[in-house]
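[1] Need a 3D model of the sequence below.
(one chain, ligands or ions: 2)
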Amino acid sequence: MFIPTLERQCTSEQREKFLPLCYDYRIIGTYAQTELGHGTFLRGLETTAHYDPNTQEFILNSPTISSIKWWPGALGKTSTHAVVLAQLYTLGKCHGIHPFVVQLRSLDDHKPLRGITVGDIGPKMGFGPNDNGYLKLHKHRIPRTNMLMKYSQVSPDGTYTKPPRSTLTYGTMTFVRVLIVHGSAIALAKASTIAIRYSAVRRQSELRPGEPEPQILSYPTQQHKLFPLLATAYAFHFVQLAMMKIYTDVNDQINNSNFSRIQELHALSSGLKAFTSWVTNAGLEVCRMSCGGHGYSQASGFPRLYADFTPSCTYEGENTVLMLQSARYLVKCVRDARSGKTLPGTVSYLSEDVSAVHSGGSSGRDLSNLDFLISLYKQRASNQVHFASDKVDRGISAGMDLVGALNSASVHLVSAAKAHSHYFIAKTFVESLKLLKASSELQNVLHQLASVYVFEGIAQSSGDFIEDYILSGSEAKTIRQLAVDLLPLIRVNAVSLVDAFSFRDEVLQSVLGRYDGNVYENLFKWAQNSPLNKTDVHPSYHKYLGPLLKRNQSKL
Ligand SMILES: CCCCC/C=C\C/C=C\C/C=C\C/C=C\CCCC(=O)SCCNC(=O)CCNC(=O)[C@H](O)C(C)(C)COP(=O)(O)OP(=O)(O)OC[C@H]1O[C@@H](n2cnc3c(N)ncnc32)[C@H](O)[C@@H]1OP(=O)(O)O
Ligand SMILES: Cc1cc2nc3c(=O)[nH]c(=O)nc-3n(C[C@H](O)[C@H](O)[C@H](O)COP(=O)(O)OP(=O)(O)OC[C@H]3O[C@@H](n4cnc5c(N)ncnc54)[C@H](O)[C@@H]3O)c2cc1C
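    Ligands and ions are numbered 1, 2, ... in the order given. Here you go, the predicted model:
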């Protein structure tokens, strides 16, 4: 995050000064924004940067215990520098959060500089090798030119020039949220690879006396756990490509001072980061549990994969908060649509009249047709967004202000943002396959994956579709069965579909997911290397167990 911030927020002179140092690993940096007391509410950050025109320096301070920077990756023991987000004060006025490059440690002996107290925040659930750290600043002075001044400036006499948009400071977070969508795709692909390969190797239970124990991958329940997640990993792969394309296009526009799509990008990246990381987080646990006891061993790779992935639901914007950000924009779009404005691409459906075409019961609608089902996802999203938006309007009519009305409708707003994200993902998956140049065999297999993703997505949220009369109960039941009917077809290619992710064993880090499937020998070998097995009799025997046993034996 240090480098992307410099690349996006530096003037050209500052780029020339700082970026070569980063690219050549002459300095190592972190992104120090979160504090002990604030991570979500950025306007509440307390670190201060007061400009001193006499020396043309900023004086940085952590004025309170809650203002101590807390969590930034590699801050504790590694980073020599940080981008510090602080409240800018100049000529007696506060101008809000701005980014500053601060050197933390000497480049000679790596000792912290004067006015800098840094350290590691202590053991965490995962990310063990990462020294997430704390930073306390005490009257630490930096040159004026260390404030990143691409968008806003402080001149030598202290005059402040404000940015074209205050939220441009938030740009790096948007970029990393887009990366996290990719991160979700990768994590779910890894978990699917481990679980499906192991399920092809593992044989368990005798269905009928005398019959060989079947591969657990043959059980419909095992397939129902794993194949929708496999399909989701493919869906997220195509979604992260689409998200990155939108990010790149909008970022190019921003670089040409065209800020017209910044809100749409913020809303989409927030919703997709939250949606994909929540789904992946839950999916990792399903994959682990589908591997039985060995899934719980460190050898499976799942404990580390989960512990390292799960903070994706929190960092870079806590997921609920990001869903609310996305929903706030959707509510704005409903208003704009009602006043006749044209809506941008990813939300244009909100101005269409998708009033519920009453479920047809036995109307013979083709419930296996993906284009038709995507139109139902659209209808569900539109209904949920309009419902939540109407709730906000009713709150205002009842005398609330906008903040109060948004807050009171927030549970529904989160549901609406989830439905919007889900529609975008399902639509993108289906549309991406249409554009894919692939053999008919491959198209057929990928169509099976898209189908099980779309069917299962409806099955798992069928309440949304039934409550709004988008589907009848019997139609929802039919779609649920369509998902189950697809499982044995996907079974044929399941191992190939995870091999296609082509994770090397060294990357997958899983005995259960080894490419050669030689699990049991390697589990036993792995166990031999356990530290506890260095000696046959563990030293602790002589201190605790031995005396205890001997004492009790003498009583016999
Ligand atoms: C090869 C593999 C590749 C894949 C990678 C693999 C793995 C994983 C991937 C990547 C992971 C990388 C690194 C992972 C490790 C660590 C990273 C974590 C680092 C961090 O964890 S780093 C700290 C992150 N910490 C946050 O994330 C703070 C969240 N908290 C906020 O962000 C704000 O606090 C907010 C938005 C909640 C409230 O903001 P606020 O107080 O100003 O209030 P408000 O809501 O009124 O917003 C006023 C107007 O600004 C607009 N607005 C807001 N944000 C905008 C944005 N970003 N862009 C454009 N517009 C934006 C609004 O839409 C509104 O607009 P309008 O007024 O028009 O409605
Ligand atoms: C592994 C890891 C790495 C990190 N790396 C960095 C880093 O490199 N740099 C950095 O600056 N930070 C980093 N962070 C910090 C991270 O960005 C914050 O933890 C994150 O932004 C969440 O903020 P918070 O901790 O204040 O949570 P809080 O906002 O306190 O969340 C607690 C609860 O409050 C709820 N809540 C908060 N606000 C609202 C609201 N407006 N409406 C409804 N509910 C609300 C949330 O939904 C959540 O349920 C990292 C964190 C972790 C875990």
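[2] Point me to the residue of the stretch 451-556 of the chain nearest ligand 1.
    residue 507 (10.5 Å; CB to the nearest ligand atom). C-beta: built from backbone N, CA, C; applies to glycine.
[3] what about that residue, helix or strand, and which?
    Counting by DSSP states H and E, the secondary-structure element that holds residue 507 is helix 505-508.
[4] One more: residue 317?
    Counting by DSSP H and E, residue 317 is found in no helix or strand.
[5] Domain-wise, how is the protein divided?
    Residue ranges for the structural domains of the chain, counted by automatic domain parsing, are given in the record as 2-153, 176-205+215-334+378-392+417-499.
[6] Mean pLDDT for these - can I get that in a markdown table?
    Supplementary listing: the domains of the chain in a markdown table, determined by pLDDT from 0 to 100:
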| stretch | mean pLDDT |
| --- | --- |
| domain 2-153 | 98 |
| domain 176-205+215-334+378-392+417-499 | 97 |
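[7] Would you mind listing the residues in contact with residue 61?
    Residues near residue 61 by CB atoms under 8 Å, 6 or more residues apart in numbering: 47-48, 50, 137-140.
[8] now with 6 Å?
    Contacts were defined as CB atoms under 6 Å, 6 or more residues apart in numbering; by that measure residue 61 touches 48, 137.
[9] what is it paired to in the beta sheet?
    Under DSSP bridges, the beta-bridge partners of residue 61 are residue 48.
[10] start at 29 instead
    Will do, 29 is the new start, and the previous item becomes residue 89.
[11] how far away is it from residue 96?
    Here residue 89 is placed at a distance of 11 Å from residue 96 (CB to CB, to the nearest Å).
[12] next one: residue 40
    Separation of residue 40 from residue 96 (CB to CB): 34 Å.
[13] So between the two, which is more surrounded?
    The neighbour count for residue 40 versus residue 96, taken as other CB atoms under 10 Å, is higher for residue 96 (18 against 8).
[14] contacting residues for that one?
    Residue 96 sits next to 64, 90, 162, 164 when contact means CB under 6 Å, 6+ apart.
[15] One more pass at 10 Å, please.
    With contacts taken as CB atoms under 10 Å, 6 or more residues apart in numbering, residue 96 has the following neighbours: 63-65, 74-75, 90, 145, 149, 162-165.
[16] List only buried entries from the residues you listed.
    Among those, those classed as buried by neighbour count (16 or more other CB atoms under 10 Å) are 63-64, 74-75, 90, 149, 162-165.
[17] any chance of the residues you listed in TSV, with secondary structure and distance to ligand 1 too?
    Conversion of the buried ones among the contacts of residue 96 to TSV gives the following (DSSP: H, G, I helix; E, B strand; the rest coil; distance: CB to the nearest ligand atom, whole Å):
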residue	secondary structure	distance to ligand 1
63	strand	10
64	coil	14
74	coil	14
75	coil	13
90	coil	17
149	coil	13
162	strand	15
163	strand	14
164	strand	18
165	strand	18
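[18] for the residue in the stretch 379-528 of the chain that ligand 2 sits nearest to, what are its contacts?
    Among the residues of the stretch 379-528 of the chain, residue 438 lies nearest to ligand 2; the distance is 6.3 Å by CB to the nearest ligand atom. Contacts for residue 438 were tallied using CB under 10 Å, 6+ apart; they are 348, 351-352, 355-356, 416, 419-420.
[19] Let me know the closest of the residues you listed to ligand 1.
    Ranked by distance to ligand 1 (CB to the nearest ligand atom), the contacts of residue 438 are led by residue 356 at 5.6 Å.
[20] Just give the nearest non-adjacent residue to the closest one, would you?
    residue 434 (6.4 Å; CB to CB, 6 or more residues apart in numbering).
[21] Please report how far that neighbour lies from ligand 1.
    Here the distance between residue 434 and ligand 1 works out to 9 Å (CB to the nearest ligand atom, to the nearest Å).
[22] quick one: that residue is in a helix?
    Yes: counting by DSSP: H, G, I helix; E, B strand; the rest coil, one finds residue 434 located in a helix.
[23] correct me, but it touches residue 355?
    Yes: under the contact definition of CB atoms under 10 Å, residue 434 touches residue 355, with a separation of 8.3 Å.
[24] what about whichever residue of the chain sits closest to ligand 1, helix or strand, and which?
    Taking CB to the nearest ligand atom as the measure, the chain has residue 211 as its residue closest to ligand 1, at 2.6 Å. In this structure, residue 211 is located in helix 199-229 according to DSSP H and E.
[25] Just give me how far that helix sits from the chain centre.
    Per CA atoms, centre = their mean, to the nearest Å, the displacement of helix 199-229 from the mean C-alpha position of its chain is 9 Å.
[26] show me the contacts for the single nearest residue of the stretch 29-178 of the chain relative to ligand 2.
    When distances are taken as CB to the nearest ligand atom, the stretch 29-178 of the chain reaches nearest to ligand 2 at residue 67, 2.4 Å away. Residues near residue 67 by CB under 10 Å, 6+ apart: 61, 73, 98-99, 342-343, 345-346, 349.
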